[in-house]
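Engineer: Sequence and predicted structure below; questions after.
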Amino acid sequence: MKENFEAVIGLEVHAQLRTNTKAFCSCTIKFGNEPNTNVCPVCLGMPGTLPVLNKNLVEFILKMGIATDCTIRKRSIFARKNYFYPDLPKGYQISQYEEPICEFGFVEIESDEGVKKKIGLTRIHMEEDAGKLIHDVGVDTFVDVNRCGTPLIEIVSEPDIRSAKDASRYLQKVRQLVTYLEICDGNMEEGSLRCDANVSIRKKGETTLGTKAEIKNMNSFRNVERAIEYEISRQIAIVESGGNVVQETLLWDADKQISYSMRSKEEAHDYRYFPDPDLVPVIVDEKWIAKVKTNLSEHPTRRRERFISEYHLPKYDADVLTQEKSYADYFENALPGLSPQGVLRTNKTKENFKSISNWIMTDVLRVVSERNISILNFPIAPINIGKLVSLIDNGTISSKLAKDVFEEMLNNNEEPKSIVERKGLVQVSDANEIEIVIKQILARSENKPHIEKYLSGVEKVLGFFVGEIMREMKGKGNPKVVNEILKKYLEEMKK
């Protein structure tokens, strides 16, 4: 029975860093170039060549180490990880083994119910990527070594994860961190962020670890969750049938929703690690760490908490807006639009912050999704969303008219005030002008049955009249003023 077992899960996450050049040479890491063009004698491991460490690789891993409260090793060394594979021309991968640069940090995840849990980090170390095998339909396999030497950091968790759902939460948090720190674009489809899962099971109450299997080839959060769920069920079925789980590496088939064996799982000694003789130790002093700290982006968890405390946003809004750094930046860059002088209004600021949040979560992100673009390429400048909310707040336009203004802004990013003036959309709040329209609507013979319904106590008829009035005024009537005057006239009819 599944409830009698406990899953023990650890993740190894590889993040491709956003440097301009490779880890140990000056080749570009640009994705999508012609196969086997981003190469040189160094990253191909030609005899007589020497690697030179990319300083940005160290800077980026320091950012991640600091953001996850790791201990930063003042002296770390590179090692050669030896194995043979067609996409590894050198026959070894430059990595770190005995002395990684970052150790013993944590990543905090949160359940849907708000329960927080710290997932320990064994280490974060630097390494270079291997190439890529392209399996053509048929019999041919092609090798593209463009990716050889691309700088990576590997983030290795402790086996602290107990469910497939928490594994997905952890990976999402790691992705959020590396994108906030702007050290990785987090694109799982292009392989910029890759995850391997080590999964084992044991009877509840036991403390010894079971035999683990490693799952590879998971290119989305959903696939990570599904693959781990599948593996947990597979291992339980083996144990319950009297068998033993075999230590092996599995590949996940997302189309068939199954995993299959790739090879037996290697141990560390299989790689014959030894210090790389061509690279000197990496020395990191307190001055360097302090400099990195001063340039560190705000931690996403702290930013979410600030959005709740400073802008009084609901937790749901704060979660959505801080999910991506670009969303959070867009929100905060919209705030100065609440005042022509760039100073936030003192009245109704809480409501206006919430209004901006609503516009971004619904209208802005809707268009971003429909057009399949980044919010960085969204055609409306964030400050103009703030100005649009300001026009609603000061009664210049209604919320309904604001939707029309928004659609117009999508075409040319014109300031909302200019659109309102150019199209004559200014809201009518003049009581005398509104009274004239209300009298006309109430005087129409076809509306007498609705008046009688209202007088008999059916107050929902009020909405019908508001609709008729707004239609007559082409949506320009101030809803608040319309409702006040309409109620006054209808109540007078009761007397």
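Structural biologist: Happy to help now that I have it. Numbers count the residues shown, from 1 in each chain.

Engineer: Three-state assignment for Arg175, please.
Structural biologist: helix (DSSP: H, G, I helix; E, B strand; the rest coil).

Engineer: What's the local residue count around the closest residue in space to it that isn't next to it in sequence?
Structural biologist: Spatially, and ignoring its direct neighbours in sequence, Arg175 is nearest to Gly186 (4.5 Å; Cβ to Cβ, 6 or more residues apart in numbering). Any C-beta I mention is one placed from the backbone N, CA and C, and that applies to glycine too. Residues lying near Gly186 (other Cβ atoms under 10 Å) number 20.

Engineer: From here on, call the first residue 23.
Structural biologist: Okay, residue one is now 23; in that scheme the one you just asked about reads as Gly208.

Engineer: What are the buried residues along the one helix or strand Asn220 maps to?
Structural biologist: Using DSSP states H and E, Asn220 falls within strand 215-225. Residues of strand 215-225 classed as buried: Leu215, Arg216, Cys217, Asp218, Ala219, Asn220, Val221, Ser222, Ile223, Arg224 (neighbour count, 16 or more other Cβ atoms under 10 Å).

Engineer: what does stretch 49-58 give?
Structural biologist: Cys49, Ile51.

Engineer: returning to what we had before: state the mean pLDDT of the strand holding Asn220.
Structural biologist: For strand 215-225, mean pLDDT rounds to 93.

Engineer: quick one on the thing from earlier: okay, and the residue nearest to Arg197 sits in which element?
Structural biologist: Here Gly208, judged by DSSP H and E, is contained in no helix and no strand.

Engineer: so what's Lys278 scoring on pLDDT?
Structural biologist: With respect to pLDDT, Lys278 scores 89.

Engineer: next one: the one 5 residues further on
Structural biologist: pLDDT, Ser283: 84.

Engineer: just the helices in the stretch 23-172 of the chain please.
Structural biologist: 77-89 (DSSP state H, counting those that start in this stretch).

Engineer: Could you list the low-pLDDT ranges of it?
Structural biologist: For the stretch 23-172 of the chain, the stretches with pLDDT under 70 are 23, 159-160.

Engineer: thinking again about what came up before, now the residue nearest to Arg197: how far from Leu215?
Structural biologist: 5 Å (Cβ to Cβ, to the nearest Å).

Engineer: Arg393 now?
Structural biologist: Taking Cβ to Cβ, one finds Arg393 at 24 Å from Leu215.

Engineer: Same question for Ser98.
Structural biologist: Using Cβ to Cβ, one obtains 23 Å as the distance from Ser98 to Leu215.

Engineer: longest single helix anywhere in this protein?
Structural biologist: In the chain, taking DSSP state H as the definition, the longest helix is helix 243-262.

Engineer: Tell me the one of the buried residues of strand 215-225 nearest Leu508?
Structural biologist: Nearest to Leu508 among these is Leu215, at 56.7 Å by Cβ to Cβ.

Engineer: Might you list the low-confidence residue ranges for the stretch 173-322 of the chain?
Structural biologist: 285-291.

Engineer: which residue ranges form the helices in it?
Structural biologist: Under DSSP H, counting those that start in this stretch, the stretch 173-322 of the chain gives helices at 186-202, 243-262, 308-316, 322-333.

Engineer: okay, those, which one's buried deepest?
Structural biologist: helix 186-202 (a mean of 22; mean count of other Cβ atoms under 10 Å).

Engineer: tell me what that helix is packed against?
Structural biologist: strand 27-38, helix 77-89, strand 128-132, strand 138-150, strand 215-225, helix 243-262, helix 322-333 (3 or more Cβ pairs under 8 Å, 6 or more residues apart in numbering; DSSP states H and E).

Engineer: and the ones you listed as a markdown table, adding distance to Leu410?
Structural biologist: Formatted as a markdown table, the helices and strands packed on helix 186-202 follow (distance: least, Cβ to Cβ, whole Å):
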| stretch | distance to Leu410 |
| --- | --- |
| strand 27-38 | 37 |
| helix 77-89 | 35 |
| strand 128-132 | 33 |
| strand 138-150 | 36 |
| strand 215-225 | 35 |
| helix 243-262 | 33 |
| helix 322-333 | 17 |
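
Engineer: Determine which of those approaches Thr163 most closely.
Structural biologist: Comparing the helices and strands packed on helix 186-202 under Cβ to Cβ, the one sitting nearest is strand 215-225, at 19.9 Å.

Engineer: That closest one packs against which elements?
Structural biologist: strand 27-38, helix 186-202, strand 235-240, helix 243-262.

Engineer: Put together TSV for those, with distance to Pro358 on each row.
Structural biologist: Conversion of those to TSV gives the following (distance: least, Cβ to Cβ, whole Å):
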stretch	distance to Pro358
strand 27-38	34
helix 186-202	22
strand 235-240	42
helix 243-262	34
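
Engineer: I'd like to know how many residues surround Thr71.
Structural biologist: 15.

Engineer: Make sure it is actually in contact with Val61.
Structural biologist: No. Counting by Cβ atoms under 8 Å, Thr71 sits too far from Val61 to count as a contact (11.8 Å).

Engineer: can you pull the buried residues of the helix or strand containing Tyr338?
Structural biologist: Per DSSP H and E, Tyr338 falls inside helix 337-344. Residues Asp339, Ala340, Val342, Leu343, Thr344 are the ones in helix 337-344 that count as buried (16+ other Cβ under 10 Å).
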